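Undergrad: Here is my input; please provide its structure:
(one chain, ligands or ions: 1)
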Amino acid sequence: MKNIIFIAPPAAGKGTQSSIIEKKYNLPHISTGDILRDEAKKDSELGRYISEVLDNGELVKNEITYELLTNRLSQSDCKNGYVLDGFPRNIEQAYKYDEILKDLNQELGYVLKLDIPQEVLEKRITGRRICEDCGTVYNINSINEKPQTESICDKCGGRLYQRNDDNITSFKNRYDLYIEKTKPLLDYYTEKGILYVINGDASVEEVAERIDKVLKEGM
Ligand SMILES: [Zn+2]
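TA: From the prediction side, this is the model:
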């Protein structure tokens with residue numbers, strides 16, 4: 001098994017698909033966000049620094065993220081591969097990731113890009129509703145994912161709310177930033193011949209099958 005990187009715009013289902021691969025192939029699902037949040041819980045100088053930075057909504061210094069990621073990827077559960085989610089986000093990080101892999105004597109593996117039309121993502125984001133009691137996520141723009149009664153949770157009867165940044169302006173900002181930052185990244189991995197584009201405009205199961213096909217062909 002090889003290593004997998006996911007590149008996808010906001011609301012493309014990257015997290016969901018990463019979790020499916022994690023279970024199906026028994027690979028660790030590694031996200032730099034999780035690594036930082038775990039470190040922030042530790043009662044150490046580094047932990048306190050990260051906790052403060054995250055609380056202020058700022059970015060942790062690159063060197064620290066790289067070091068923590070290197071440590072994580074060198075653990076024994078990553079020996080047969082892993083799913084990396086949320087990294088690299090830009091070309092600088094991609095160069096750094098190459099160095100990390102070289103140090104660990106590992107290969108890039110697969111870069112999976114989930115492609116979904118912007119309008120579809122927009123609908124997913126603006127239609128997203130979350131139960132304030134049990135956390136179940138609904139989508140009022142989707143026949144399969146909308147609650148039976150508007151703004152009430154099917155499972156527990158809790159009230160559904162919309163996250164602050166699930167609005168069109170915030171989405172457009174995030175989307176534009178994604179396109180800008182990932183363009184050089186995609187060119188880089190295309191040149192290396194390891195970029196696989198997957199049409200993500202389908203059900204979770206269908207997209208998982210498409211990913212499966214790519215991964216099986218290469219194994
Ligand atoms: Zn609920």
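
Undergrad: where in the chain is pLDDT low?
TA: Applying pLDDT under 70 to the chain flags residues 1, 218-219.

Undergrad: For residue 137, see how far away the residue sitting furthest away from the middle of it is.
TA: Distance to the chain centre peaks in the chain at residue 149, reaching 30.4 Å (criterion: C-alpha atoms, centre = their mean). The gap separating residue 149 from residue 137 is 16 Å, by C-beta to C-beta, to the nearest Å. The C-beta positions use only the backbone N, C-alpha and C, and glycine is treated the same way.

Undergrad: Tell me who's in contact with the residue nearest the centre of the chain.
TA: In the chain, the centroid-proximal residue (C-alpha atoms, centre = their mean) is residue 85; its distance is 4.2 Å. The contact partners of residue 85, taken as C-beta atoms under 8 Å, 6 or more residues apart in numbering, are 6, 14-15, 18, 29-31.

Undergrad: Which members of these are positioned in strands?
TA: Secondary structure from DSSP state E places 6, 29-31 of these in strands.

Undergrad: Including neighbour count and distance to the ion, could these go into a markdown table?
TA: Below are those laid out as a markdown table (neighbours: other C-beta atoms under 10 Å; distance: C-beta to the ion, whole Å):
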| residue | neighbour count | distance to the ion |
| --- | --- | --- |
| 6 | 25 | 28 |
| 29 | 18 | 25 |
| 30 | 24 | 29 |
| 31 | 19 | 25 |
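
Undergrad: where does this structure come near the ion, residue by residue?
TA: Taking C-beta under 5 Å from the ion, the part of the chain that reaches the ion is made up of 131, 133-134, 136, 153, 155-156, 158.

Undergrad: Inside helices: which ones of those residues?
TA: In helices, judged by DSSP state H, none of the residues of the chain next to the ion are found.

Undergrad: just the buried members of those residues?
TA: 131, 153, 158 (16 or more other C-beta atoms under 10 Å).

Undergrad: quick one on the thing from earlier: can you put the residues of the chain next to the ion in JSON lines and add distance to residue 116?
TA: Supplementary listing: the residues of the chain next to the ion in JSON lines, determined by distance: C-beta to C-beta, whole Å:
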{"residue": "131", "distance to residue 116": "25"}
{"residue": "133", "distance to residue 116": "30"}
{"residue": "134", "distance to residue 116": "27"}
{"residue": "136", "distance to residue 116": "22"}
{"residue": "153", "distance to residue 116": "26"}
{"residue": "155", "distance to residue 116": "27"}
{"residue": "156", "distance to residue 116": "30"}
{"residue": "158", "distance to residue 116": "29"}
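
Undergrad: Noted, bye for now.
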